[in-house]
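Visitor: Attaching a predicted model along with its sequence, questions to come.
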Amino acid sequence: MTSIFFGNALTLLATLGNRTPPPPRERGNPDDGLGGMALVRSAVAAIREGPEAVVRAFVKHANEGCTGAENILLFVPVADELHCRQSFGNDVEYAPEMRLRLNDSSALVASAWSARHALFASEERPPMLPTERSGCAVPLMDNKVPIAVLYCGFVQRQPRNVLERRCALAAEIAVPLALACERERDLARSLYDGLTGLLTPRAFRERLARVLADDRNGGRVALWFVDTDRFKEVNDTFGHAVGDRVLQQMAELLRTHAIARTDFVARNGGDEFCAAFVGIPKTLAIERAQDFCDAVRSHDFGIPLRVTASIGVAAYPFDARTAATLLERADRAMYAGKNAGRDRVSFALEGQDSALYR
C-alpha cells in the first residue's frame, strides 16, 4: 500500500478505494474539530500496524474523554457468526470467547450488523456484558457493507447524547479499519499459499534465512524437500479439483509432522513442499522424514490410486551454509530418491553425493 500523507484526512480517506467518508456531525459536538481529527489521524497512522492497532487508536481516544468505566469490543464476521476479535476494559475476561449468530435479533451487536446502523442497548437488546447499564453497537461500513461491529458498554447508565457521540467517534475508524483489513489480506496472500495455507516459497526462504542467521537455534536446522509422486497421473485421471484436494491433504499431513512453535512448512509450488526443523540433529530429521513417508503411503486420499512421497533431507551447517544451498542440496537428494524408485527418503552426503535411507 502506498504511503498515506495527511492534509485533509477525511477527504483523503474518502478517496482511497472510493470509500464513503463518515457523515458530517452537527456543530458544537465536543468531538468535532481537533478532537475528531486527532482520532482520524491516529487511526490512519495505525493502518500499517493492522486492524488491532486501528481499534487501539479509538480506545485511546475514547478513554481520554470517558466519563465512566467502559468496555470496548470489536466483533468480526466468521462464516455465519460474529466473533469477538478484540476486547478492552475491566470486565472483558470472557469476551474473547463470545460468538453471536448473525441473525440473532436478541443480541445488540448482531442486530446492529443486520440493521447496518448504530443501535443502543434496550430491554429487548440488553448490553453485552452483565455488569453494564448502557451500551451501543456501531457497524463499521465499507462502501455500505458492514465489515465489523464496534461495541461500547458502560457500567454506569449514560445519557443518550453521550452514546450518540460515542457512535459518531466509532464511525470515524470505519475507513481506516477497512484499509487495514485490506492490507492484512494482501500481506496474508503474499505469505501463505491460497490452496494449502502453507507458507509461500518466498516467505519460506526469507524465514529460513533468518533462522540460519539466528544462533539461538543451537546451530542445527534440517530441511525436507518433498515431492508428491506421480501427481500428474492424479490430475490427468481424476481432474484438477481432486488433485487440489490431494495437495491439501498432503499439506495437512505435513503440518502434523512439524512442531508449530519451531518448525515451519511451505508449498514450494505445484506438488512440491518444504519443511524446516529447527534445533534437531540430521539423523532425527531423516527418521522423521521416513515416518512422514510412511504416513503418506498409508493415508486414504479418497482415490483408487496410492499416493506416495519422495523426500530429500539436508542439514545446516553440515551440508550447506546458506538457505539457497540448503534447499539445493535437499532438492538434489529428493531427486536421487525419485530416480531410485520413488516413495523413499534420501539425504545429502559430503560433497555433492546423496544416499538412500532404506
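Guide: Received the coordinates, thanks. Please read all numbers here as calculations on a predicted model, not as lab measurements. Residues are numbered from 1 along each chain as shown.
Visitor: show me the contacts for the nearest residue to Ser105 once chain neighbours are set aside.
Guide: The spatially closest residue to Ser105, leaving aside those adjacent along the chain, is Ser111, at 5.7 Å (Cβ to Cβ, 6 or more residues apart in numbering). From N, CA and C alone the C-beta is placed, and that goes for glycine too. Shown in contact with Ser111 (Cβ atoms under 8 Å, 6 or more residues apart in numbering): Asp104, Ser105, Leu119, Arg125, Ala137.
Visitor: Repeat the analysis, applying 7 Å as the threshold.
Guide: Ser105, Leu119, Arg125 (Cβ atoms under 7 Å, 6 or more residues apart in numbering).
Visitor: now this structure, which segments are flagged as low pLDDT?
Guide: Counting by pLDDT under 70, the chain contains low-confidence residues at 1-36, 65-69, 215-218.
Visitor: Distance-wise, check the spatially most central residue of it relative to Arg202.
Guide: By Cα atoms, centre = their mean, the chain has its centre lying nearest to Ala188, at 6.2 Å. Per Cβ to Cβ, to the nearest Å, Ala188 is found 13 Å from Arg202.
Visitor: Find residues that contact each of these two.
Guide: Counting by Cβ under 7 Å, 6+ apart, nothing touches both Ala188 and Arg202.
Visitor: what bridges to the nearest residue to Leu198 once chain neighbours are set aside?
Guide: The shortest distance from Leu198 to any non-neighbouring residue, by Cβ to Cβ, 6+ apart, is to Arg267 (4.6 Å). With DSSP bridges applied, Arg267 shows beta-bridge pairing to Phe273.
Visitor: Next up, the contacts around Phe273.
Guide: Val226, Met250, Leu254, Val265, Ala266, Arg267.
Visitor: what residues are up against the last one?
Guide: Pointing back at Arg267 there. Asp193, Thr196, Leu198, Ala251, Phe273.
Visitor: ok, so what distance separates the last one from Arg160?
Guide: Remark: distance between Phe273 and Arg160 (Cβ to Cβ) = 58 Å.
Visitor: Just the CA trace of the helix or strand hosting the residue nearest to Ser105, in CSV.
Guide: According to DSSP states H and E, Ser111 maps onto helix 108-115. Provided in CSV are the C-alpha atoms of helix 108-115 (Å, rounded to 0.1, in the frame of the first residue of the first chain):
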residue,chain,number,x,y,z
LEU,A,108,-27.4,-6.0,20.3
VAL,A,109,-24.2,-6.4,18.2
ALA,A,110,-25.8,-8.9,15.7
SER,A,111,-28.9,-6.6,15.4
ALA,A,112,-26.6,-3.6,14.6
TRP,A,113,-24.9,-5.7,11.9
SER,A,114,-28.2,-6.6,10.3
ALA,A,115,-29.6,-3.1,10.6
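Visitor: Buried residues, it. List them.
Guide: Leu108, Val109, Ala110, Ser111, Ala112, Trp113, Ser114 (16 or more other Cβ atoms under 10 Å).
Visitor: and if you look at stretch 300-319?
Guide: Phe301, Val307, Thr308, Ala309, Ser310, Ile311, Gly312, Val313, Ala314, Ala315, Tyr316, Asp319.
Visitor: Format those residues as CSV; extra columns: distance to Leu349 and secondary structure.
Guide: Shown next, in CSV, are those (distance: Cβ to Cβ, whole Å; DSSP: H, G, I helix; E, B strand; the rest coil):
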residue, distance to Leu349, secondary structure
Phe301, 32, coil
Val307, 28, coil
Thr308, 23, coil
Ala309, 21, strand
Ser310, 17, strand
Ile311, 15, strand
Gly312, 12, strand
Val313, 11, strand
Ala314, 10, strand
Ala315, 11, strand
Tyr316, 15, strand
Asp319, 8, coil
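Visitor: How are the strands of this structure distributed by residue range?
Guide: Per DSSP state E, the chain carries strands over the ranges 70-78, 81-88, 99-101, 119-120, 134-142, 145-154, 221-228, 264-269, 272-278, 309-316, 345-348, 354-356.
Visitor: Take those and write them to TSV, including distance to Ala209.
Guide: Below are those laid out as TSV (distance: least, Cβ to Cβ, whole Å):
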stretch	distance to Ala209
strand 70-78	33
strand 81-88	32
strand 99-101	40
strand 119-120	50
strand 134-142	37
strand 145-154	35
strand 221-228	11
strand 264-269	12
strand 272-278	11
strand 309-316	11
strand 345-348	19
strand 354-356	23
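Visitor: So for Glu182, which of the ones you listed sits nearest?
Guide: Closest approach to Glu182 among those is made by strand 134-142 (8.6 Å; Cβ to Cβ).
Visitor: With only the CA atoms kept, save that closest one in PDB.
Guide: Once non-C-alpha atoms are left out, strand 134-142 reads as follows in PDB (Å, rounded to 0.1, in the frame of the first residue of the first chain):
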ATOM      1  CA  SER A 134     -25.700   1.200  28.900                       C
ATOM      2  CA  GLY A 135     -24.200   0.300  25.600                       C
ATOM      3  CA  CYS A 136     -24.100   0.900  21.900                       C
ATOM      4  CA  ALA A 137     -23.100  -1.100  18.800                       C
ATOM      5  CA  VAL A 138     -21.900   0.500  15.600                       C
ATOM      6  CA  PRO A 139     -21.500  -1.400  12.400                       C
ATOM      7  CA  LEU A 140     -18.300  -0.300  10.700                       C
ATOM      8  CA  MET A 141     -19.100   0.100   7.000                       C
ATOM      9  CA  ASP A 142     -17.000  -0.200   3.800                       C
END
